[in-house]
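Trainee: Quick one, what's the 3D model for this:
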Amino acid sequence: MFKGETKTRVVITAALAAMWLAACGGGGGDSTPVATDGGTSAPAPAAGGGTGAPAPAPAPTPAPATQLAWATATGGSTSTPQMWHWVNENQAGTVMVAGAIPGPFAISRDGGATWTDTTLSNTGSWIAADMSADGNTIVVLGFGGAMHRSLDGGATWAVIDTAYNAGGNLSYESVTVSADGTMIVAVDINGNVYRSANGTAATPTFTTQAVAGAAFRTVDSSADGNVVILGSQNGSLYLSTDGGVTINPLPVTVGGTAVADSWYRSAITPDGNTIVAVANTDFAGVNSTGIYVSHDRGATWVRGDATGGAYTSVDVSGDGQTIVASLSSRAGGTLGGELLVSTNGGTSFSVMDSPAGESNWRSIAIDGAATRMVLAAGTFGATTGRVYVSSGTIVGQ
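Mentor: The predicted model follows:
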């Protein structure tokens, strides 16, 4: 745990200045006390004429940090174990969502205190979701399904991809939404990128772009939607700085060595500068060598942690200093899952406290201020788990 530095201010009163000058033989032959406040101090009291100014009161002791704690989500389908696959929250941490494969799609609009099921199918394969900053525009993908959008915070929904997905059967993997909801970028396992610049229109229009050799698993974007990071399980990251119009390979090199992990999850800060990427050995490939972080939009990289395994999610705070990641298993599946956290921008990571009784972590998200997290356990089509919401201090874990 990191400790904060305490600074104490020393106040020199007029009386104390007079005593110091007398002891040191005066201030250049002038017996008048030297003011320490720009010349506004009152003259020192005559000898024997008083006790002088009282000593300054000590600075108040800072309140102790509240220990990180996890509460099990309740309400709707979150009250029972499900095969949860995806959780997310807006930057303020007020709106949270959770999707299962197969199963329901649940939402909380009070920071995780209470949850309700949306009207989306309770047997859907809800593989990914993202939302605008205010939590009103929410886009949800079904694996082998369609793209659904809500403009009223999850109260009502409409399918918005029929122009290019008439059969409602695309192998979607991930989606990102800009802070104002207008920019939507989604990807599928076959290397296709679907982009809309009018995501809040009654009927958004999309362009489709195929990236040769890619098998996309992840996409995320800056707040304005212009900087987009995409990850392929085939070992390549890609970057766009024009909202997905042009997409170029983004090499990851550490210490002169190229990294070609089986990229599975990524995250980017609202300003588009800090990028975090992790791989998965269970579903995306065989290469997973740690957590990789860049603070200059991919120009340079560091490996903040060398733990390999089945990373299932990663997220980053608004300032890029707090990074959280979840694993369902480590070391090729021989060890259980865990949660990792960095509070120094990815320079180092440590194991974070997690809810007791589970280790098959599927997804974690953090708010912009690094004050609240939402977490889910489960394996799609196989194992159930619960949704959890954090309280207490994340920084200092």
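
Trainee: So residue 109 is in contact with residue 153, correct?
Mentor: Yes. In this structure, residue 109 is within contact of residue 153 by C-beta atoms under 8 Å, at 6.3 Å. C-betas here are computed from N, CA, C, even on glycine.

Trainee: Return the set of buried residues in stretch 103-114.
Mentor: Within stretch 103-114, the residues that qualify as buried are 103, 104, 105, 106, 107, 108, 109, 111, 112, counting by 16 or more other C-beta atoms under 10 Å.

Trainee: who touches both of residue 109 and residue 153?
Mentor: Here residue 109 and residue 153 share the contacting residues 95, 135, scored by C-beta atoms under 8 Å, 6 or more residues apart in numbering.

Trainee: Give me the pLDDT for residue 5.
Mentor: Note on residue 5: pLDDT of 35.

Trainee: cool, the one 4 residues further on as well?
Mentor: At residue 9, the model reports a pLDDT of 35.

Trainee: and what of residue 212?
Mentor: Note for residue 212: predicted pLDDT of 97.

Trainee: Residues contacting stretch 354-364, please?
Mentor: Contacts with stretch 354-364, where a contact means C-beta under 8 Å, 6+ apart, come from 70, 72, 84-88, 312-315, 324-329, 336-339, 373-379, 383, 385-386, 388.

Trainee: Now that we have those residues, which of them are buried?
Mentor: Members of the contacts of stretch 354-364 classed as buried by 16+ other C-beta under 10 Å are 70, 84-88, 312-315, 324-329, 337-339, 373-379, 385-386, 388.

Trainee: Among these, which ones are in strands?
Mentor: If you go by DSSP state E, the buried ones among the contacts of stretch 354-364 have 70, 84-88, 312-315, 324-329, 337-339, 373-377, 388 in strands.

Trainee: can you pull out the strands in the stretch 151-300 of the chain?
Mentor: For the stretch 151-300 of the chain, the strands defined by DSSP state E, counting those that start in this stretch occupy 158-159, 170-177, 184-188, 192-196, 207-210, 216-221, 228-232, 237-240, 248-250, 253-254, 257-258, 263-268, 275-279, 291-294.

Trainee: between those strands, which gets nearest to residue 128?
Mentor: Between residue 128 and those, the tightest spacing by C-beta to C-beta is seen for strand 170-177, at 4.7 Å.

Trainee: Please give the centre-to-centre distance between that closest one and its chain.
Mentor: 18 Å (C-alpha atoms, centre = their mean, to the nearest Å).

Trainee: Show the average pLDDT along it.
Mentor: Strand 170-177 comes out with an average pLDDT of 98.

Trainee: For that strand, which residues meet the burial criterion?
Mentor: 170, 171, 172, 173, 174, 175, 176, 177.

Trainee: ok, of those residues, which one's closest to residue 305?
Mentor: Out of the buried residues of strand 170-177, the member with the shortest distance to residue 305 (by C-beta to C-beta) is residue 174, at 22.3 Å.

Trainee: ok now do that closest one, which residues does it touch?
Mentor: Counted by C-beta under 8 Å, 6+ apart, residue 174 has contacts 127, 128, 141, 186, 187, 216, 217, 218, 219, 220.
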